[in-house]
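1. Sequence and predicted structure are below.
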Amino acid sequence: MAHPHQSLLLEFDLAVKKLPPTLPDLAKQAKAQVAKFRADESITEETVLEALAELGRKEYPHRHALLDLHGTYGEGMEAALVLDHVDAKVAEKLRPMLKDGVTIEEVMASGWFQEKLSPEERYQVEDGMLLARYKMEQEDKGIVKNHVKEYDERVAHWEAEAKSIEALIEELETLAGKDKRYAEEINNQVRTFRTGWSVTERDPDPTDVKAAVDYWKDVLGEM
């Protein structure tokens, strides 16, 4: 009998595979957590989603640091591997979206990816990304090894960015206690933003979170 949250656990497996190769300990912990979830059919969907978001929050600064290094030292390699993997028709759709320094990750996180590609086409791209990640694992390790100081600086930068986003989300959460009429709506927004940390979701956008904070401050007369 399949686990009641089988599809979500498969998503968790995919998230673990997407972790940067510079985080082997985190990957090991995440695999153990997935195994624990699979052995417990009583776990709730919320528990799994929270674990996914926590995993994404931990890998966020490292993923972005690697993307920064890719942009400097390995620009276009990942996208080229994906384009080589997918069908010619899908590659033709992707190429215009990858101009002007746009990364394949940014394309996959965009509304265009969901709206303009069929589920089968999206699967090709996602599968190509996994293959590209596998092929680039040694390349990533080499880039980091050759640019340790720069990598650490970029991790620190993105960790500060993540903490800034977390502070905004917490500020939004405090507004939920200001008026019971709006508490549920505000808390739903908080939940959505926190879910955004998940490896399989878009990162929470600080502009969107700040806009939500400003909106509710205005509604609640806090401005």
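-> Here it is on my side, so go on.

2. where does the closest residue to A15 other than its chain neighbours land in three-state SS?
-> Nearest residue to A15, sequence neighbours excluded (C-beta to C-beta, 6 or more residues apart in numbering): V199, at 3.7 Å. Quick note: C-beta positions are derived from backbone N, CA and C, even for glycine. What DSSP: H, G, I helix; E, B strand; the rest coil gives for V199 is coil.

3. neighbours of V199, just the number please.
-> When neighbours are counted by other C-beta atoms under 10 Å, V199 registers 23.

4. now do A91
-> Neighbourhood size, A91 [other C-beta under 10 Å]: 17.

5. Hmm, L83 and it touching each other?
-> Yes. Between A91 and L83 there is a contact at 4.7 Å, judged by C-beta atoms under 8 Å.

6. The helix or strand harbouring Q29: what's the following helix or strand?
-> Element membership of Q29 [criterion: DSSP states H and E] is helix 24-38. Note on helix 24-38: by DSSP H and E, the next helix or strand toward the C-terminus is helix 45-73.

7. hang on, the earlier thing: report the buried residues of the helix holding Q29.
-> 26-27, 30, 33-34, 37 (16 or more other C-beta atoms under 10 Å).

8. now stretch 192-209
-> Neighbour-count burial for stretch 192-209, counted by 16+ other C-beta under 10 Å, picks out 193-201, 203-204, 206, 208-209.

9. for stretch 43-54, same thing?
-> Residues of stretch 43-54 classed as buried: 43, 48-53 (neighbour count, 16+ other C-beta under 10 Å).

10. Name the surrounding residues that touch that stretch.
-> 5, 8-9, 11-12, 15, 33, 37, 194-200 (C-beta atoms under 8 Å, 6 or more residues apart in numbering).

11. what's the pLDDT at the residue most central in space within the chain?
-> Geometric centre of the chain, nearest residue: V199, 3.5 Å, by C-alpha atoms, centre = their mean. V199 carries a pLDDT value of 76.

12. possible to save the buried residues of stretch 43-54 as JSON lines with distance to E166?
-> Putting those into JSON lines (distance: C-beta to C-beta, whole Å) gives the following:
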{"residue": "I43", "distance to E166": "25"}
{"residue": "V48", "distance to E166": "21"}
{"residue": "L49", "distance to E166": "17"}
{"residue": "E50", "distance to E166": "15"}
{"residue": "A51", "distance to E166": "17"}
{"residue": "L52", "distance to E166": "16"}
{"residue": "A53", "distance to E166": "11"}
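
13. how about the helices in this protein?
-> Assigned helices in the chain, in chain order: 6-17, 24-38, 45-73, 77-85, 88-94, 104-108, 111-116, 119-146, 148-175, 180-195, 206-219 (criterion: DSSP state H).

14. Tell me the spacing between D25 and V199.
-> D25 is 16 Å from V199, where distance means C-beta to C-beta, to the nearest Å.

15. Please apply the same query to R181.
-> 35 Å.

16. these two touch, right, K141 and P21?
-> Yes. In this structure, K141 is within contact of P21 by C-beta under 8 Å, at 5.8 Å.

17. Between those two, point out the one with more neighbours.
-> A count of neighbours by other C-beta under 10 Å puts P21 above the other of K141 and P21, at 17 against 13.

18. Spell out which two among the contacts of stretch 43-54 are the most distant pair, please.
-> F37 and G196 (20.9 Å; C-beta to C-beta).
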